[in-house]
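Engineer: make a model of this:
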Amino acid sequence: MVRHRVCTGGGRCEWFIKAPDPRLRAGIGSYRGFRARAGVPQERLVVPSGRVSLLIGFGGELRVGGGRPGAGAARHASVVSGLHTRARVLGHGGEFHGVETALAPWAAYRLFGGASLAELGDVLTDPADVLGARCRTLGERLADAPGWDERFALLDETLLAWTADAAPEHTVAPAVLEAWRLLHQAQGHMRIREVADRTGWSLRHLESRFREQIGLSPKRLARVLRLRHAVEELTAGRGAADTASVCGFYDQSHLGREFKELTGMPPGRWLAAGGTANAAWIAG
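Structural biologist: Numbering: from 1, shown residues only. Next comes the predicted model:
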């Protein structure tokens with residue numbers, strides 16, 4: 001079932017959301033189609049999420065900058081974003097149309113044909129640079145589809161085929177997958193030495209393979225996961241001191257320093273700027 005909602009009033013932005021085929025859901029988040037008709041330039045700050053983002057645009061241009069609104073930005077029609085550890089500013093000139101989905105990094109490693117996700121860490125590029133001509137073909141077919149039901153069905157068909165075609169050597173190592181699972185289960189609040197011990201690998205070997213197949217070192221991913229946990233708690237209304245305690249920070253000052261380093265602003269300012277909506281616009 002496709003869910004449709006209108007945001008920002010006056011039909012300026014429409015979202016069309018649908019869960020992927022059940023066979024894909026372990027590693028692929030909901031498909032999110034969108035059409036923005038703001039008429040004036042828009043910018044939103046996006047915090048790290050621990051997911052790989054694949055966005056295929058049908059019209060308009062996405063501007064991607066660093067963590068400071070108004071700064072210079074690269075321009076893309078479609079983008080793939082590896083795991084990143086700093087907030088980004090995403091914007092468009094007032095019109096933008098496309099579809100986006102967030103991938104667990106182990107699922108991205110398989111779909112991307114075993115391409116080193118370390119090369120996509122803190123990087124955003126054209127999906128064709130990673131997926132080749134098949135991505136351009138998918139984009140053309142999505143743009144030509146008559147509606148969102150047909151687009152989402154095409155995404156299911158395509159991603160299932162790409163998954164089935166993946167070579168066995170393009171599957172994430174079981175120890176790497178287990179380390180990723182442990183860190184997510186602990187929401188980043190777990191010693192990396194303990195993670196390595198639980199996988200049976202040496203710390204050095206785990207770090208090397210984890211970077212290759214996930215995109216960041218285990219320690220850097222843990223920082224991102226703690227940040228995301230803090231974002232969830234703060235936007236749910238929990239106070240900063242309690243959030244720091246629940247999310248594994250030493251104290252409120254530690255939370256503030258980490259939050260500012262990864263998002264470019266302290267928690268209070270981020271919330272005042274509409275952090276909930278900004279974080280949800282696109283998964284990064």
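
Engineer: show me the shaky parts of the protein.
Structural biologist: Residues of the chain that meet the criterion pLDDT under 70 lie in 1-11, 65-73, 274-284.

Engineer: quick one, helices of it?
Structural biologist: Under the criterion DSSP state H, the chain contains helices at 105-111, 128-131, 133-144, 148-165, 174-185, 192-199, 203-214, 218-235, 240-246, 252-263, 267-272, 275-280.

Engineer: deepest of those, which one?
Structural biologist: Burial among the helices of the chain, expressed as mean neighbours by mean count of other C-beta atoms under 10 Å, is greatest for helix 105-111, which shows a mean of 24. Backbone N, C-alpha and C define where each C-beta goes, glycine included.

Engineer: distance from the chain centre to that one, please.
Structural biologist: Once both centres are worked out by C-alpha atoms, centre = their mean, to the nearest Å, helix 105-111 turns out to sit 13 Å from its chain's centre.

Engineer: what's the answer for stretch 157-171, then?
Structural biologist: Its chain's C-alpha centre and that of stretch 157-171 lie 20 Å apart, by C-alpha atoms, centre = their mean.

Engineer: go on, stretch 240-248?
Structural biologist: With C-alpha atoms, centre = their mean, you get 24 Å for stretch 240-248.

Engineer: what's that stretch in contact with?
Structural biologist: Among residues not part of stretch 240-248, those counted as contacts by C-beta atoms under 8 Å, 6 or more residues apart in numbering are 187-189, 226, 229-230, 233-234, 238, 249-252, 254-256, 267-268.

Engineer: switch the cut-off to 6 Å
Structural biologist: For stretch 240-248, the external contacting residues (C-beta atoms under 6 Å, 6 or more residues apart in numbering) are H189, R226, H229, A230, E233, L234, D251, Q252, L255, P267.
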